[in-house]
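>>> The following block contains a protein sequence and its predicted model.
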Amino acid sequence: MNNEFVNRLGSFTTALATLHLEEHLPVWQNQPPIVFTEKVTDAATAVETLQEVQKDQEAGITGSAEQKEREKAELERAAHVLGQALAIYFRDRQDETQAAGFDLTASDWLRLRDLQLLAKSKLVVDAAETLANGPAAADAAKYGITPATVTALVKERNEYDKMVNAPGVAISVRKALTNGFRPAFSIVEEKFKDLDKLILQFGGSEAGRGLVAAWKNARMQKGPGSGNGQPAPAPVPATV
């Protein structure tokens with residue numbers, strides 16, 4: 001990412017960090033106009049997506065598609081291992097119907113598409129969780145069906161679910177990134193322009209006027225490399 005985009009990303013994080021200062025939060029968070037709070041969340045999600053791409057570049061990773069494939073492969077492996085344990089458990093108890101539902105080969109898991117993989121792995125999680133935390137826990141543990149192995153699968157599933165079901169704003173930014181950084185940054189900038197206009201409604205009180213002034217000042221800053229000598233603030237959460 002070149003200096004222009006690094007600076008613009010820095011300006012976005014500076015502005016969001018300003019909103020989240022202790023003295024400013026009560027002025028705007030969940031206060032009329034409520035759409036401002038919603039748009040702050042959207043803007044933070046968009047900035048978070050840009051930050052993820054920047055980290056990918058710094059780590060020499062080709063992008064989100066490669067990351068998604070890694071997460072998918074990790075979920076496939078984890079679901080296959082625990083699914084096989086469930087299949088053997090149920091088969092040893094002459095429950096062939098249950099066993100057949102989990103007796104998938106590694107190739108079977110590989111062929112599942114995004115939502116299919118999430119749905120099928122959820123069945124594995126649910127069945128294993130019931131056994132690992134129920135009266136049959138001791139027997140299930142002999143097969144490797146334990147709270148720890150369930151937690152490990154849940155972790156892999158959650159990470160992949162986040163990739164597949166990203167918020168709509170993150171999806172739009174990622175799509176724009178396929179055409180380069182400039183279109184993606186334009187999408188994010190439009191979100192901040194909406195905030196520029198809406199924040200004026202908080203100017204009816206002394207605290208609100210302080211918020212508006214601080215926001216305008218933050219929006220004029222260019223982030224790291226601009227010569228202001230200030231490091232980029234820590235990223236703010238995407239949910240408020």
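Received it, and whenever you're ready, just let me know what you need.
>>> residue boundaries of the strands in the chain?
With DSSP state E as the definition, the chain shows no strands.
>>> where does it dip in pLDDT?
Along the chain, segments meeting pLDDT under 70 span 1-2, 54-65, 165-179, 222-240.
>>> quick one, helices of it?
Along the chain, counting by DSSP state H, helices occupy 3-19, 25-28, 34-58, 64-91, 96-102, 106-111, 114-132, 137-141, 147-164, 168-177, 181-198, 206-220.
>>> got CSV for those helices, with mean neighbour count too?
All C-beta spots, glycine's among them, are computed from the backbone N, C-alpha and C. Below are those laid out as CSV (neighbours: other C-beta atoms under 10 Å):
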stretch, mean neighbour count
helix 3-19, 20
helix 25-28, 18
helix 34-58, 18
helix 64-91, 18
helix 96-102, 15
helix 106-111, 14
helix 114-132, 18
helix 137-141, 15
helix 147-164, 16
helix 168-177, 18
helix 181-198, 16
helix 206-220, 16
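>>> ok, for Asp196, nearest residue in space, not its chain neighbours?
Leaving aside its sequence neighbours, Asp196 sits nearest to Arg219 (C-beta to C-beta, 6 or more residues apart in numbering; 6.6 Å).
>>> Next, name the residue at the spatial heart of the protein.
For the chain, the residue nearest the mean C-alpha position is Lys162 (5.2 Å; C-alpha atoms, centre = their mean).
>>> ok, that residue to Glu66 distance?
Separation of Lys162 from Glu66 (C-beta to C-beta, to the nearest Å): 16 Å.
>>> Then Lys39?
To Glu66, Lys39 is 31 Å away according to C-beta to C-beta.
>>> With Asp103 instead?
31 Å.
>>> Could you do Gly83 as well?
26 Å.
>>> just Ala136 next, same as before
Distance from Ala136 to Glu66, by C-beta to C-beta: 40 Å.
>>> What of Gln116?
21 Å.
>>> What of Val6?
Look at Val6 and Glu66: by C-beta to C-beta, they are 22 Å apart.
>>> swap in Pro147?
Distance, Pro147 to Glu66, by C-beta to C-beta: 32 Å.
>>> Arg77 now?
In this view, Arg77 and Glu66 are 17 Å apart by C-beta to C-beta.
>>> How about Ala137?
According to C-beta to C-beta, Ala137 stands 38 Å off from Glu66.
>>> what does Gln51 give?
Look at Gln51 and Glu66: by C-beta to C-beta, they are 17 Å apart.
>>> and what of Ala184?
Per C-beta to C-beta, Ala184 is found 18 Å from Glu66.
>>> What are the phi and psi values at the most far-flung residue of the chain relative to its centre?
Most distant from the centre of the chain: Gln94, at 41.7 Å, with distances by C-alpha atoms, centre = their mean. Per-residue torsions, Gln94: phi 60, psi 30 (degrees, to the nearest 10).
>>> residues contacting it?
If you count contacts by C-beta atoms under 8 Å, 6 or more residues apart in numbering, Gln94 has none.
>>> now swap in Ile88 and tell me
Counting by C-beta under 8 Å, 6+ apart, Ile88 touches 99, 143.
>>> ditto for the one 3 residues further on
Applying C-beta under 8 Å, 6+ apart, one finds that Arg91 lies in contact with 99, 103.
>>> Check Pro33 too.
Applying C-beta under 8 Å, 6+ apart to Pro33 gives the contacts 198, 201.
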